[in-house]
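1. Build me a model:
(one chain, ligands or ions: 1)
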Amino acid sequence: MERKTKKVLGYDVDLISFKDAVEKVLSNINAGIGMQIVTINPEMIELANNNDDYANVLKNAELVIPDGSGIKLALKLKGIVQEQIPGVDFSKELIKHCADKKIPVAFVGAKEEVVNKTCSNIKKEFQELNICYFRNGYFSNEEEEKIISELASTKPGLILVALGAPKQEYFITECRKYVKNAAFIGVGGSFDVWAGNVERAPEIYRKMGCEWLYRTIKQPERIKRIYKTLPMFLIKAIMDSKNN
Ligand code: UDP
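-> Residues are numbered from 1 along each chain as shown. Model (predicted):
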């Protein structure tokens, strides 16, 4: 399937439905084709604009799905209606298919009790799932080497990495050098959601594309992050709307 993308502030975003994106990942896993999935949001674009290494990670990812409503809006300004694909829902759907198809899955990231609870909750939901590896996201450089070699030997088809951006993308880039056949996805705070520590926004917020607003009300410490990036992103997106 040929990739259809559109640039948002210079970064390719895939124009793809939720269902087709899931199919693409599963077909790559089945074929043993390694890939990185980025769930892009305005903060990541801002980070990439200030850091060439991070920009290269975004540019080299095989699948870039629009996680945030900011990206959906930037595409709309270019006349494109693209379904928003929240990373937390997308990765859950991938896990479900991996359970059905007996594809081993690894979980790396979050605090020890969070990753433990995530795995036990996910296992309750998908009893068939083979969790071939899991560990918390607080490790040194020396430990990172060990984690990568453990991941290489347990051979997961799907590796979920919850270290937050940009850490998770850098970890994935390093890991891909040694674990070549897996699909990697950076999932940010998803383990906190699956562990039951952070609530998803009610349906009404999600439908209106305002999940970010709900998260900010619940976690006011996020205001600083949003305030720093969102207004500028919107101005840049309006200026970028005439570019292809
Ligand atoms: N985290 C981690 N190791 C670190 C820093 C962060 O495992 O060195 C985890 C943190 O515990 C949390 C996730 O990364 O579970 C980041 O969540 P955040 O809500 O910041 O991510 P977002 O969804 O906003 O990208």
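2. residue in this structure nearest to the ligand?
-> The nearest approach of the chain to the ligand comes at residue 137, 2.1 Å away (C-beta to the nearest ligand atom). Every residue, glycine included, has its C-beta placed from N, CA and C.
3. helix/strand/coil for that residue?
-> Three-state assignment for residue 137 (DSSP: H, G, I helix; E, B strand; the rest coil): coil.
4. isn't it right up against residue 107?
-> No. Residue 137 is beyond contact range of residue 107, at 9.6 Å (criterion: C-beta atoms under 8 Å).
5. Which neighbours do the two have in common?
-> 115, 162 (C-beta atoms under 8 Å, 6 or more residues apart in numbering).
6. what about these two, which has more around it?
-> More neighbours surround residue 107 than the other of residue 137 and residue 107, with 28 against 21 (other C-beta atoms under 10 Å).
7. all strands of this structure, in order?
-> Per DSSP state E, the chain has strands spanning 5-8, 11-14, 35-40, 63-66, 105-109, 131-135, 158-162, 183-186. These are given in chain order.
8. The first one pairs with which strands, parallel or anti?
-> Read it as strand 5-8. Here strand 5-8 is paired, per DSSP bridges, with strand 11-14 (antiparallel).
9. so how many other residues sit close to residue 158?
-> Burial of residue 158, expressed as a neighbour count using other C-beta under 10 Å, amounts to 23.
10. what sits opposite it in the beta ladder?
-> In this structure, residue 158 has beta-bridge partners residue 105, residue 183, where bridges are defined by DSSP bridges.
11. Would you mind identifying the helix or strand in this protein with the lowest mean pLDDT?
-> Evaluated with mean pLDDT, DSSP states H and E, the helix-and-strand set of the chain has its lowest mean pLDDT in helix 211-218, which scores a mean of 81.
12. Give me the residues contacting that helix.
-> The set of residues external to helix 211-218 that reach it, using C-beta under 8 Å, 6+ apart, is 68-70, 86, 198-202, 205, 222-223, 226.
13. before we move on, back to that, dump the strands of the chain to TSV, plus mean pLDDT and distance to the ligand.
-> Rendered in TSV, the data for the strands of the chain read as follows (pLDDT from 0 to 100; distance: least, C-beta to the nearest ligand atom, whole Å):
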stretch	mean pLDDT	distance to the ligand
strand 5-8	97	18
strand 11-14	98	16
strand 35-40	98	8
strand 63-66	97	14
strand 105-109	98	4
strand 131-135	98	10
strand 158-162	98	5
strand 183-186	98	8
